[in-house]
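>>> Generate coordinates for the sequence data below:
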Amino acid sequence: LPVPPISEQEKIVAEYQSIEKKIKVNEQICQKLEATAQAIYKEWFVEFNFPNEEGKPYKDNGGKMVWNEELDKEVPEEWEVSNIGDEVETIGGGTPSTNREEYWIDGDILWFSPTDITNNDSIFIFDSARHITQKGLNKSSANLFPAYSLMMTSRATIGKLAINTKKASTNQGFITLIPNNKLSVYFLYCWIKTQLSEILSLSSGSTFSEISRGNFRNLIILKSNRKVHKDFDKTILSIFDNIKNKTKENQKLTELKSLLLARMVK
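Next up is the predicted model:
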């Protein structure tokens, strides 16, 4: 195969390595940002040191705590225990018949499988490997859900999470949470991260492990008052926006890497 002169090859390699370095830096930034978001969640909703009316840590500054029998620990006054299924809508997925071309050919609806999520290195995911048609959606148990919902793999590999940036659907290997004005997608993401051991303990199956939607919906969640949730959302919004932007940048950089490799062969 014809190749460019060595001087041009060296230039391409230098550009490629520069892109690789930038991608790794972005990945490290995203990891630190996610760790920051989780630390804030833990401080507010596990240690109960969310800012009080004076902006000081609630529990450490004498915030009133009451004993909760169900959780067997003290929680802030007026906070309530509920089941996640009573607080957000949860839906499953399905697979259109692979024998019907009209369910797949020229499909424009994102359709995620667990592999899409396990192969994804970020909180956010922008596309799926396969797409289905509107007819495929209508003729299966797949559900269309809005952008910025939270997808959680529920079988085999359990508890992998991703936030879709466009309307999407999934196969049956998911439980998808639909956020609302009480519980945001970013709060739900942080909450599930703290519940993974409980989620795994509820899974069962002879062929592969799976958590049923019914068992998942019975998971206990501690609800704060609305102000605390709103303040938390404001605090972490910029963190998740930065993660999304860095992920988009890496997507473009990965495409540029492919273009550079193509230049190695004329």
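>>> buried ones in stretch 227-236?
228, 229, 232, 235, 236 (16 or more other C-beta atoms under 10 Å). (Glycine included, C-beta is placed from N, CA and C.)
>>> how near is the third one to residue 179?
Think residue 232. To residue 179, residue 232 is 13 Å away according to C-beta to C-beta, to the nearest Å.
>>> circling back: tell me the one among the buried residues of stretch 227-236 nearest to residue 202.
Checking those against residue 202 with C-beta to C-beta, the nearest one is residue 229 at 25.3 Å.
>>> Break down this protein into its helices, ranges please.
6-45, 84-87, 114-118, 134-138, 185-194, 196-201, 213-217, 226-263 (DSSP state H).
>>> Check residue 264 and give its pLDDT.
Per-residue confidence (pLDDT) for residue 264: 69.
>>> mind listing what's buried in stretch 64-75?
Those would be residue 75, for stretch 64-75 by 16+ other C-beta under 10 Å.
>>> what's the spacing between it and its chain's center?
30 Å (C-alpha atoms, centre = their mean, to the nearest Å).
>>> Quick one: residues contacting the residue nearest the centre of the chain.
Closest residue to the average C-alpha location of the chain: residue 162 at 2.7 Å, with C-alpha atoms, centre = their mean. Contact partners of residue 162, counting by C-beta atoms under 8 Å, 6 or more residues apart in numbering, are 112, 116, 117, 120, 122, 123, 124, 125, 150, 151.
>>> Output the residues you listed as JSON lines; include the columns distance to residue 44, pLDDT and neighbour count.
Output for the contacts of residue 162, formatted as JSON lines (distance: C-beta to C-beta, whole Å; pLDDT from 0 to 100; neighbours: other C-beta atoms under 10 Å):
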{"residue": "112", "distance to residue 44": "30", "pLDDT": "98", "neighbour count": "26"}
{"residue": "116", "distance to residue 44": "31", "pLDDT": "97", "neighbour count": "23"}
{"residue": "117", "distance to residue 44": "27", "pLDDT": "96", "neighbour count": "20"}
{"residue": "120", "distance to residue 44": "27", "pLDDT": "92", "neighbour count": "18"}
{"residue": "122", "distance to residue 44": "24", "pLDDT": "92", "neighbour count": "20"}
{"residue": "123", "distance to residue 44": "19", "pLDDT": "96", "neighbour count": "20"}
{"residue": "124", "distance to residue 44": "23", "pLDDT": "97", "neighbour count": "19"}
{"residue": "125", "distance to residue 44": "26", "pLDDT": "97", "neighbour count": "22"}
{"residue": "150", "distance to residue 44": "19", "pLDDT": "98", "neighbour count": "26"}
{"residue": "151", "distance to residue 44": "24", "pLDDT": "98", "neighbour count": "24"}
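>>> which residues sit in contact with residue 81?
So residue 81 contacts 68, 70, 71, 220, 221, 222, 223 (C-beta under 8 Å, 6+ apart).
>>> and the gap between it and residue 219?
Distance from residue 81 to residue 219, by C-beta to C-beta: 11 Å.
>>> Spatially, which residue comes closest to residue 94, not counting chain neighbours?
residue 141 (3.1 Å; C-beta to C-beta, 6 or more residues apart in numbering).
>>> who touches the one you found in this structure?
Residue 141 neighbours (C-beta under 8 Å, 6+ apart): 92, 93, 94, 172.
>>> Hmm, the third one is touching residue 171, no?
So the one you mean is residue 94. Yes. Residue 94 is in contact with residue 171 according to C-beta atoms under 8 Å; the separation is 6.6 Å.
>>> For stretch 220-233, which outside residues touch it?
So stretch 220-233 is in contact with 40-41, 44-45, 50-51, 68, 70-71, 75-76, 78-84, 87, 182-184, 186-187, 191, going by C-beta under 8 Å, 6+ apart.
>>> Drop anything exposed from those.
40-41, 44-45, 50-51, 75-76, 79, 84, 87, 183-184, 186-187, 191.
>>> Mind listing the shared neighbours of residue 94 and residue 171?
In contact with both residue 94 and residue 171: residue 142, using C-beta under 8 Å, 6+ apart.
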